[in-house]
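Asker: no sequence on this one, just coordinates:
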């Protein structure tokens, strides 16, 4: 493997390790993390959401998105393909169905597989911060999605992997 590729592979391993580091792991490495101090670390959260035949919205079966999580980007993977043409347009929660990602333009969900990575541009992501404050959700909730049309007989299921900052 060329030196440049080896360097990039090592960087990727380090970033992956850091993204999964919890406060407990940080303490084990000697980091100054106190139970009485604010902490932040990179992490991922995976949500699997199904939109049923005849519907255009769907949400996780149980509360999953953790409190104090600020999503930065999201990978989209279709695991059950729609029989009708539709695309993923918004991702959010019960109170605001586009609070994580607003106005997504994805490939048609009539085939399974990886559909891309998008930045989280909703009000709970890196969206409009004209007011100067970006608020991570303080109450855990189910992830809810919106698709552009009825997915048809099979419905459609997507796995969303959020990459973001967890605060405590």
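Answerer: Structure's in. What do you need? The shown structure was predicted, so the numbers you read here are calculated from the model rather than taken from an experiment.

Asker: and the strands in the protein?
Answerer: 40-51, 57-59, 69-80, 88-92, 101-102, 113-119, 144-147, 156-167 (DSSP state E).

Asker: domain-wise, how is the chain divided?
Answerer: 1-37, 39-167 (automatic domain parsing).

Asker: where does this protein have low pLDDT?
Answerer: 1-37, 127-138 (pLDDT under 70).

Asker: for the nearest residue to residue 54 once chain neighbours are set aside, what are its contacts?
Answerer: Leaving aside its chain neighbours, residue 54 sits nearest to residue 150 (5.7 Å; criterion: CB to CB, 6 or more residues apart in numbering). C-beta coordinates here come from the backbone N, C-alpha and C atoms, glycine included. Counting by CB atoms under 8 Å, 6 or more residues apart in numbering, residue 150 touches 53, 54, 55, 56, 84, 86.

Asker: considering those residues, which possesses the most neighbours?
Answerer: Highest neighbour count within the contacts of residue 150: residue 86, with 20 neighbours (other CB atoms under 10 Å).

Asker: mind checking how far that one is from residue 164?
Answerer: Distance of residue 86 to residue 164, computed by CB to CB, to the nearest Å: 26 Å.

Asker: again with residue 84
Answerer: In terms of CB to CB, residue 84 sits 32 Å off from residue 164.

Asker: identify the bridge partners of the residue nearest to residue 114 when sequence neighbours are not counted.
Answerer: Sequence neighbours aside, residue 77 is the residue nearest to residue 114 in space, at 5.3 Å (criterion: CB to CB, 6+ apart). Taking DSSP bridges as the rule, residue 77 bridges to residue 114, residue 159.

Asker: what's the neighbour count on residue 77?
Answerer: When neighbours are defined as other CB under 10 Å, residue 77 has 16 of them.

Asker: isn't it up against residue 111?
Answerer: No: counting by CB atoms under 8 Å, residue 77 does not reach residue 111; the two are 11.4 Å apart.

Asker: re the thing from before, columns distance to residue 41 on top of the contacts of residue 150, output as a markdown table?
Answerer: What follows is those, written out as a markdown table (distance: CB to CB, whole Å):
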| residue | distance to residue 41 |
| --- | --- |
| 53 | 40 |
| 54 | 41 |
| 55 | 36 |
| 56 | 35 |
| 84 | 41 |
| 86 | 36 |
